[in-house]
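Next one to model:
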Amino acid sequence: MHKKGTCSNCKRENTWMKGKICVNCYKKYFWKRKSITCKRCMKLKPNHAQGLCAGCYHFVFSLERNKAHNIKKWYGLNLGVYKKITEKCVVCRFDKVVDLHHLDENHKNNDLKNLIGLCPNHHKMLHDFRYRKEIRSTLKEKGFSVPQDPRLDFVISQEELKKVKSPFEGL
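Predicted coordinates for the structure are as follows:
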């Protein structure tokens, strides 16, 4: 049976839970939540719900909401537009995992004409100097307006290469 009175701990007029301590102080200082081994992370933590700790619960059940929030924060896009852009890779039509790529490589330019979806392989190839020309030419063939890239026109002569000493010389 709960009584009304002044809590001996916080000195506020409240309902007593146990002895002369209010419900809020009891929950804050004395009540311990049941610890469980989380089904997802396998760590011993306080139970939140569904046999999961708080972090894993929010990861599993709030994933779509968190993804929508992050897409809005990073790209200024709503989730529907992001999903449409990253539906399929524009090069190979792969649809399982698709990254968002900025054609002009300016991450602040979130214009829809500047954003395309690429599978992880083609995205990595586009950022790799060895395959960059190949992927950029494929994108041009598919009708995307790919801006000029002065880094692609960089040429080093054989004489200049001979002047540079290898860090492994003399070992």
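
quick one: contacts for the residue found closest to Gly19 once you drop the neighbours it is linked to in the chain?
Nearest residue to Gly19, sequence neighbours excluded (CB to CB, 6 or more residues apart in numbering): Ser8, at 7.7 Å. For the C-beta atoms, the positions are set from N, CA and C on the backbone; glycine is no exception. Contacts for Ser8 (CB atoms under 8 Å, 6 or more residues apart in numbering) come out as 19-21.

Compile those into CSV and extend it with columns for secondary structure.
CSV is the format used below for the contacts of Ser8 (DSSP: H, G, I helix; E, B strand; the rest coil):
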residue, secondary structure
Gly19, coil
Lys20, coil
Ile21, strand
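
out of the residues you listed, who's nearest Val146?
Among the contacts of Ser8, Ile21 lies closest to Val146 (CB to CB), at 68.6 Å.

my read: that closest one touches Phe30, true?
Yes: the pair Ile21 / Phe30 is scored as a contact, 7.3 Å apart, by CB atoms under 8 Å.

Between these two, which is the more surrounded one?
The neighbour comparison of Ile21 against Phe30 (other CB atoms under 10 Å) goes to Ile21, with 19 against 12.

In contact with that one, which residues?
Contact analysis of Ile21 by CB under 8 Å, 6+ apart lists 7-9, 29-30.
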